[in-house]
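**Student:** When you get a sec, could you give me coordinates for this:
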Amino acid sequence: MDVQFQFDWQAALNSVPYLLEGIPWTLAISFGGLAIGFVLGILFGLLSLSPSRILRWVATAYIEIFRGTPVLVQVLFIFYGLPQIIGGPIDALTAGIAAIALNSAAYISEIVRGGVQSIARGQREAGLSLGLSTPQTFRYIIWPQALRRMIPALGNQGIVSIKDTSLFSVIGVGELVRQGQIYIATTFNALETYFMVALLYLVITLSLSFGLRMLERRGLVGQ
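**Tutor:** A predicted model of the protein is given here:
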């Protein structure tokens, strides 16, 4: 028996107003988590370059733990497991931001380490020869160059983190996927709704990619 299915564009368009309600949650979780993750990433990235073996071990342990476990497991642990340790509930938004922050920090740490190590040793020697201290040489010579080289990789991590928020519907965060699930429960238009969810994610990530390419063309990032 032949079954013909026709994509209902009107149903897809009707889902958009409901899905748009999830975008602020998606952006709040992703960019809030990335902001915290960037700070933590710099910290652990620099610790991984420390002459102290203990500090390097701490940084390596953190990086491997959060890179080696799925972000979904991390957010479930934070939302369901951590409250049993601290003796109080954690709301879904906080859990989502914390998961993105801790997970992205592990990857950003490696980006920071690689960016700093990519600067030629002669740059440090030149700074010291000019009378700058080691911290001043890092702040004024090494870090600005390293940051420019890191931006493309940081942008890619931002895209990954935005997509990771789609997993947080399991804890009830009202982001794009969760809004889609709620809408499908009342309309049963799964194909059209998930198509629009994917399209909206694509618009967000392509916008970020376009912004990065603009910076690269203007010579503000990269080598």
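**Student:** So what touches the lowest-mean-pLDDT helix or strand in the chain?
**Tutor:** Ranked by mean pLDDT, DSSP states H and E, the weakest helix or strand in the chain is helix 121-129, scoring a mean of 82. Here helix 121-129 makes contact (C-beta atoms under 8 Å, 6 or more residues apart in numbering) with 134, 136, 137, 138, 140, 141, 142, 145. Every C-beta, even on glycine, is put in place using the N, C-alpha and C of the backbone.
**Student:** Quick check: what element follows that helix along the chain?
**Tutor:** helix 134-137 (DSSP states H and E).
**Student:** Okay, buried residues for that next one please.
**Tutor:** Burial within helix 134-137, assessed by neighbour count using 16 or more other C-beta atoms under 10 Å, is assigned to residue 137.
**Student:** tilt between the helix or strand just after that helix and helix 121-129?
**Tutor:** On the C-terminal side of helix 134-137, the nearest following helix or strand under DSSP H and E is helix 143-164. Helix 143-164 and helix 121-129 are oriented at 130 degrees to each other (axes from the mean of the first three to the mean of the last three C-alpha atoms, to 10 degrees).
**Student:** helices or strands up against helix 143-164?
**Tutor:** In terms of contacts (3 or more C-beta pairs under 8 Å, 6 or more residues apart in numbering; DSSP states H and E), helix 143-164 is packed against helix 23-47, helix 92-117, helix 190-217.
**Student:** surely residue 189 meets residue 13?
**Tutor:** No: counting by C-beta atoms under 8 Å, residue 189 does not reach residue 13; the two are 10.8 Å apart.
**Student:** more crowded one of those two?
**Tutor:** Legend: neighbour count by other C-beta atoms under 10 Å for residue 189 and residue 13, higher for residue 189 (19 against 11).
**Student:** one step back: and among the helices and strands packed on helix 143-164, the most buried is which?
**Tutor:** By mean neighbour count, with neighbours taken as mean count of other C-beta atoms under 10 Å, helix 92-117 ranks first of those at a mean of 22.
**Student:** What helices and strands are in contact with that helix?
**Tutor:** Judged by 3+ C-beta pairs under 8 Å, 6+ apart, helix 92-117 is in contact with helix 23-47, helix 53-67, helix 71-76, helix 143-164.
**Student:** Mean pLDDT and distance to residue 120 added to the ones you listed, as a markdown table?
**Tutor:** As requested, these are exported to a markdown table (pLDDT from 0 to 100; distance: least, C-beta to C-beta, whole Å):
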| stretch | mean pLDDT | distance to residue 120 |
| --- | --- | --- |
| helix 23-47 | 94 | 18 |
| helix 53-67 | 95 | 22 |
| helix 71-76 | 94 | 35 |
| helix 143-164 | 90 | 9 |
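**Student:** ok, back up a step: so for the least confident helix or strand of the chain, what gets flagged as buried?
**Tutor:** Residues 124, 127 are the ones in helix 121-129 that count as buried (16+ other C-beta under 10 Å).
**Student:** Alpha carbons only: can I get it in PDB?
**Tutor:** Presented in PDB, the C-alpha positions along helix 121-129 are these (Å, rounded to 0.1, in the frame of the first residue of the first chain):
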ATOM      1  CA  ARG A 121      59.600  31.800  22.200                       C
ATOM      2  CA  GLY A 122      61.400  34.800  20.700                       C
ATOM      3  CA  GLN A 123      58.400  37.000  21.600                       C
ATOM      4  CA  ARG A 124      58.900  36.300  25.200                       C
ATOM      5  CA  GLU A 125      62.600  36.900  25.000                       C
ATOM      6  CA  ALA A 126      62.000  40.200  23.100                       C
ATOM      7  CA  GLY A 127      59.700  41.300  25.900                       C
ATOM      8  CA  LEU A 128      62.200  40.500  28.600                       C
ATOM      9  CA  SER A 129      65.000  42.200  26.700                       C
END
